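In: predicted model follows, preceded by the sequence.
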Amino acid sequence: MEQNVEDYKLIFEKEGVYLHTNAKKSSQDTTIPGFIRIVERAGVPALEWSPLEDEGRSTPAVLYTKKDGEGGEEDTNFDPGYEPDWAVISTVKRDREQVPVRDSGLWSFSLPLSELYSLRRARFSLGRNFLVLTSRGGHPLPALHFHRGGTRELFSALQRYIMLDQSPVDGRLFLAYPHDSGALSQSFEKLQLLDDGGADLVSRFIHDPYATTFGGFSKVTNFFKAALKPPGSPAHFRTAQDPSLPHQCDEEPGFELINCVRDDDNNNDKKSNSDVSLSGVCLSAQGVELGPRPDVTRGQPLDQWDEFLDPEGRVKNPEKIKELVFRGGVTPFLRKEVWKFLLGFYPWDSTAKEREDILRLKTDEYFRMKVQWKSVGEEQEMRNSLLRGYRSLIERDVSRTDRHNTFFSGNDNPGLTLLHDVLMTYCMYNFDLGYVQGMSDLLSPLLFVTQNEVESFWCLTGFMALLHQNFEESQEAMKKQLLQLSILLKALDPELCDFLDSQDSGSLCFCFRWLLIWFKREFSFEDILTMWEVIWSGLPCDNFHLLIACSILVSQRGELIGSDHDFNTILKHINELTMKLDLQTVLRGAESIFLQLTQCKELPLKVQEVLGLYIPSSSEEESPDSSQASETQRLLASSPPGASSSSSSSSPAARVPCYP
């Protein structure tokens with residue numbers, strides 16, 4: 001049906017706005033030129049994009065108007081691609097990625113401005129400006145690349161209908177608010193930031209982790225900034241046209257160019273930015289100078305044990321042991337003993353006699369659980385679909401786990417039988433979780449090192465105490481870790497993040513397998529033994545495995561930025577890193593990143609939280625009924641760029657764990 005002309009009004013239009021697709025065939029173009037428009041349809045303003053060939057269409061093909069809680073297809077955008085054969089790291093499903101140019105109308109979208117949640121404007125060194133938009137329902141829109149400039153004009157036109165509030169955490173992120181003074185009186189519940197809104201934030205993060213997280217937190221900060229202003233003061237919200245704001249270079253509101261070549265909004269008259277050093281100094285997205293990344297050295301493996309034991313067999317200096325393990329790992333002949341302490345099978349302060357008693361009790365407990373599943377007959381199991389499903393998955397995975405290792409190679413290998421039996425017994429130990437693909441990869445090194453069914457089982461329970469949430473069906477823990485990884489990478493290398501965003505890879509889902517089983521498939525079997533024991537030491541901070549992931553990603557920036565990589569070739573490149581990474585180089589890089597971050601006096605609060613460097617104030621801990629107030633104080637403590645604190649408790653360096 002043709003649209004009534006009276007119901008349609010064109011407010012703004014800009015040509016030369018491209019979508020960069022991920023077409024796999026060389027015969028298909030990877031960019032689609034089009035128009036960005038602001039229109040009013042029956043008085044409702046909307047932001048629309050359509051390709052040049054669809055210029056005559058009255059309505060775009062895809063309408064992003066679905067709200068949270070409405071019916072419709074289940075969200076399947078987050079797919080870890082966890083294949084049974086572990087051959088490929090795949091990520092977000094893309095029904096559109098092979099659409100030829102002639103079908104480019106399928107990429108069109110229309111978003112009512114009332115549904116616009118945030119805009120993030122960015123640019124990487126050899127590229128043009130692009131915008132990443134997020135709807136209030138968390139539905140991602142394709143990144144818009146402005147080949148001929150025009151982002152400033154678009155921002156100006158948008159302000160006719162909405163207010164754009166710059167995030168104090170990320171100068172490139174703008175939150176959209178209606179022109180409604182009543183918006184300032186919204187409660188925290190309506191802002192969906194604290195308890196009731198947590199699930200919504202998590203569900204949205206995968207589409208744009210940085211915008212969702214920091215955008216949400218900035219709403220609290222701006223709510224207080226606005227509420228605390230006296231009546232008659234300047235506008236509650238800063239916008240791109242606010243005359244009180246400092247002038248932004250290159251017509252880019254709130255955007256600081258990081259480690260890249262400055263070019264104007266029309267991509268003309270490029271010139272180098274000599275004020276930004278590319279060697280050793282990194283400016284975060286908030287304009288915080290991280291300083292040089294220090295050089296670190298690795299140590300020798302722990303090769304002495306008896307000298308750390310007192311006459312009764314207690315470990316005299318557990319912290320020293322952990323320091324040595326972090327610095328160099330454990331020599332192979334000591335792993336069987338040391339791992340049982342690192343994984344909590346034996347308490348560090350136990351005597352030799354107490355450990356004998358623990359082993360006897362744990363052996364009895366193990367075989368009682370093993371008898372439970374061993375005694376289930378075939379007929380009974382036919383009526384227990386859950387147990388039958390666990391057994392089927394275990395049998396399938398055991399047959400392909402580390403078969404290159406002599407301990408598990410060949411047919412009818414006793415090692416395979418032990419692998420199977422320990423995993424089945426774990427199902428009895430934790431029946432709610434049961435068996436999930438990937439757990440066999442966690443057990444095989446434990447069984448190889450201990451050479452003992454009972455000890456490997458209890459070491460597995462200790463390991464799963466750290467990782468069990470990774471295998472929960474909701475995948476909330478995995479989403480949280482990808483979010484945390486995004487936070488760290490944004491602080492370390494915003495240019496790399498911008499590039500990944502521009503290629504629809506900013507969610508970092510290609511790191512899913514890394515985090516799920518702690519890089520088990522990325523390094524050699526011997527290397528993974530060293531990596532795991534280094535992480536088990538608990539030094540130098542929380543989430544050291546995320547810094548390992550950062551070390552790998554930062555090491556690949558030269559292979560990615562400035563290349564012709566798109567979404568698919570980025571995945572291919574990450575896949576091809578398997579077994580090609582040098583463990584000691586990666587570990588040195590991760591520790592160096594940790595030192596670089598902790599030496600920064602203005603390290604963002606969210607980064608501190610990821611690394612476990614943030615300590616709540618005494619007032620937060622003492623208040624018995626102020627969980628919401630404590631959260632508010634934490635959020636308000638996140639100062640805008642350039643702010644400094646005189647409190648020693650806010651300095652990350654003051655809370656860095658001591659280690660050699």
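Out: Received it, and whenever you're ready, just let me know what you need. Quick caveat, the model's predicted, so the values are computed rather than measured. Numbering: from 1, shown residues only.
In: what about the stretch 201-350 of the chain, any weak spots by pLDDT?
Out: Within the stretch 201-350 of the chain, the stretches falling below the threshold (pLDDT under 70) are 201-288.
In: next helix or strand past the lengthiest helix in the chain?
Out: Ranked by residue count under DSSP state H, the longest helix found in the chain is helix 352-374. Using DSSP states H and E, the next helix or strand after helix 352-374 towards the C-terminus is helix 378-381.
In: so which bits of the helix or strand following that next one are buried?
Out: Sequence-wise, the next helix or strand downstream of helix 378-381 (DSSP H and E) is helix 385-398. Along helix 385-398, the positions that meet the burial threshold by neighbour count (16 or more other Cβ atoms under 10 Å) are 387, 390-391, 393-394, 397-398. (Glycine included, C-beta is placed from N, CA and C.)
In: repeat that for stretch 450-469.
Out: Here stretch 450-469 shows 450, 452-464, 467-469 as buried, counting by 16+ other Cβ under 10 Å.
In: neighbours of the nearest residue to V436 once chain neighbours are set aside, how many?
Out: The shortest distance from V436 to any residue other than its chain neighbours is 4.0 Å, reached at F471 (Cβ to Cβ, 6 or more residues apart in numbering). Neighbourhood size, F471 [other Cβ atoms under 10 Å]: 21.
In: so F471 versus D402, what's the distance?
Out: Note on F471: its distance to D402, by Cβ to Cβ, to the nearest Å, is 19 Å.
In: please tell me how far F523 sits from E40.
Out: 57 Å.
In: between these two, who's got more neighbours?
Out: Between F523 and E40, F523 has the larger neighbour count (other Cβ under 10 Å), namely 22 against 15.
In: I figured that one hits L529, correct?
Out: No - using Cβ atoms under 8 Å, F523 is not in contact with L529, being 9.5 Å away.
In: what bits of the stretch 51-200 of the chain have low per-residue confidence?
Out: Across the stretch 51-200 of the chain, residues meeting the criterion (pLDDT under 70) sit at 53-106, 122-128, 138-140, 168-171, 180-200.
In: quick one: the strands in this structure?
Out: Taking DSSP state E as the criterion, the chain contains strands spanning 8-20, 31-41, 44-51, 109-112, 116-122, 130-135, 144-146, 162-166, 173-178.
In: quick one: which of these is nearest Q437?
Out: Shortest separation from Q437 across these is recorded for strand 130-135, at 31.7 Å, computed as Cβ to Cβ.
In: report the inter-axis angle for that closest one versus strand 44-51.
Out: Regarding strand 130-135 and strand 44-51, their directions subtend 130 degrees when assessed with axes from the mean of the first three to the mean of the last three Cα atoms, to 10 degrees.
In: now the angle from the longest helix of the chain to helix 385-398?
Out: Angular relation of helix 352-374 and helix 385-398 on a 0 to 180 degree scale: 110 degrees, by the same axes, to 10 degrees.
In: state the mean pLDDT of helix 352-374.
Out: Helix 352-374 shows an average pLDDT of 97 in the prediction.
In: give the other helices and strands that it contacts.
Out: Taking 3 or more Cβ pairs under 8 Å, 6 or more residues apart in numbering; DSSP states H and E as contact, the helices and strands that helix 352-374 lies on are helix 414-429, helix 453-467.
In: same list (the ones you listed) but as a markdown table, adding mean pLDDT and distance to K580.
Out: Output for these, formatted as a markdown table (pLDDT from 0 to 100; distance: least, Cβ to Cβ, whole Å):
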| stretch | mean pLDDT | distance to K580 |
| --- | --- | --- |
| helix 414-429 | 96 | 27 |
| helix 453-467 | 97 | 25 |
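In: looking at these, spot the one closest to N129.
Out: Across the helices and strands packed on helix 352-374, N129 has its closest neighbour in helix 453-467 (40.4 Å, Cβ to Cβ).
In: for the closest one, list the C-alpha coordinates in PDB.
Out: Extracted in PDB, the C-alpha atoms of helix 453-467 (Å, rounded to 0.1, in the frame of the first residue of the first chain):
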ATOM      1  CA  GLU A 453      41.300 -42.000  39.300                       C
ATOM      2  CA  VAL A 454      40.400 -40.700  42.800                       C
ATOM      3  CA  GLU A 455      42.900 -37.800  42.900                       C
ATOM      4  CA  SER A 456      42.000 -36.700  39.400                       C
ATOM      5  CA  PHE A 457      38.300 -36.600  40.300                       C
ATOM      6  CA  TRP A 458      38.800 -34.400  43.400                       C
ATOM      7  CA  CYS A 459      41.200 -32.100  41.400                       C
ATOM      8  CA  LEU A 460      38.400 -31.900  38.800                       C
ATOM      9  CA  THR A 461      35.900 -30.800  41.500                       C
ATOM     10  CA  GLY A 462      38.400 -28.100  42.600                       C
ATOM     11  CA  PHE A 463      38.900 -26.900  39.000                       C
ATOM     12  CA  MET A 464      35.200 -26.900  38.300                       C
ATOM     13  CA  ALA A 465      34.700 -24.800  41.500                       C
ATOM     14  CA  LEU A 466      36.400 -22.100  39.400                       C
ATOM     15  CA  LEU A 467      34.800 -22.800  36.100                       C
END
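In: so which residues make contact with that helix?
Out: Under the criterion Cβ atoms under 8 Å, 6 or more residues apart in numbering, residues 336, 339-340, 343-345, 359, 362-363, 366-367, 418, 421-422, 425-426, 429-430, 439, 442-443, 446-447, 449-450, 517-518 lie in contact with helix 453-467.
In: narrow these to those that are buried.
Out: Neighbour counting by 16+ other Cβ under 10 Å classes 339-340, 343-345, 359, 362-363, 366, 418, 421-422, 425-426, 429, 439, 442-443, 446-447, 449-450, 517-518 among those as buried.
In: just the buried residues of stretch 372-386, please?
Out: 372-373, 376.
In: of these, closest to D412?
Out: Nearest to D412 among the buried residues of stretch 372-386: W373, at 20.9 Å, using Cβ to Cβ.
In: any idea how far V422 is from that closest one?
Out: When Cβ to Cβ is the yardstick, W373 and V422 sit 11 Å from each other.
In: and Q484, what does it touch?
Out: With contact taken as Cβ under 8 Å, 6+ apart, Q484 is in contact with 543, 546, 610.
In: dump these to TSV, plus neighbour count, distance to G137 and pLDDT.
Out: Listed next are the contacts of Q484 as TSV, based on neighbours: other Cβ atoms under 10 Å; distance: Cβ to Cβ, whole Å; pLDDT from 0 to 100:
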residue	neighbour count	distance to G137	pLDDT
N543	18	30	97
L546	25	28	98
V610	25	27	95
